[in-house]
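# Could you work out the structure for the sequence below:
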Amino acid sequence: MARTTAVEAGLKLLRRHAVETTTPEPSAAIGEVVAEYEQRLAELTAEGETRLSAQRRRAAGRSFRLEALQAERVVVDDLWIRDAITDETHRPLQQLLDQEEAMLNGQGGRPESGDAKPSSGPTA
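Numbering: from 1, shown residues only. Below you'll find the model as predicted:
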């Protein structure tokens, strides 16, 4: 009950912000956070099989997000390796992907991988 009450309070605050927010980026961000809180509240208030279903849906969503981040990472690295993007473009994109992955994994961050491009094999 305490957790449900706390989530409801957070959702109430977020909905107030949503009404007050008028610029595109913050509006989109608040919409995403409100949706997360609504999902959290639905899981807390669901009963029996419905609660299990909500937990499975959340786990599947997390898995799909992690797969999508990996696909993004592969493309960003490929662009960098082929010199289609510079280090100055690659680095912040990788950091953004690292942060999103860390949030999904519930960790403080991903170990630094360095800025060295992978070797494409022996050179002649």
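
# contacts, neighbours, all on C-alpha from now
OK.

# The residue most central in space within the chain: helix or strand, and which one exactly?
For the chain, residue 100 is the residue whose C-alpha lies nearest the centre (CA atoms, centre = their mean; 4.1 Å). Using DSSP states H and E, residue 100 falls within helix 87-105.

# what mean pLDDT does that helix have?
Helix 87-105 carries an average pLDDT of 93.

# Domain boundaries for the protein, per the record?
Domain ranges of the chain: 1-45, 61-113, per automatic domain parsing.

# Generate a markdown table for those, with distance to residue 51 as supplementary columns.
Listed next are the domains of the chain as a markdown table, based on distance: least, CA to CA, whole Å:
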| stretch | distance to residue 51 |
| --- | --- |
| domain 1-45 | 6 |
| domain 61-113 | 15 |
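
# Show me where this structure has its helices.
Assigned by DSSP state H, the helices in the chain fall at 2-20, 24-45, 48-81, 87-105.

# low-scoring stretches of this protein, by residue?
48-49, 107-124 (pLDDT under 70).

# Swap in 80 and give it another go.
Residue ranges of the chain with pLDDT under 80: 1, 46-52, 54, 107-124.

# what's the spacing between the closest residue to residue 69 other than its chain neighbours and residue 104?
Once flanking residues are discounted, residue 69 sits nearest to residue 97: 6.5 Å by CA to CA, 6 or more residues apart in numbering. According to CA to CA, to the nearest Å, residue 97 stands 11 Å off from residue 104.
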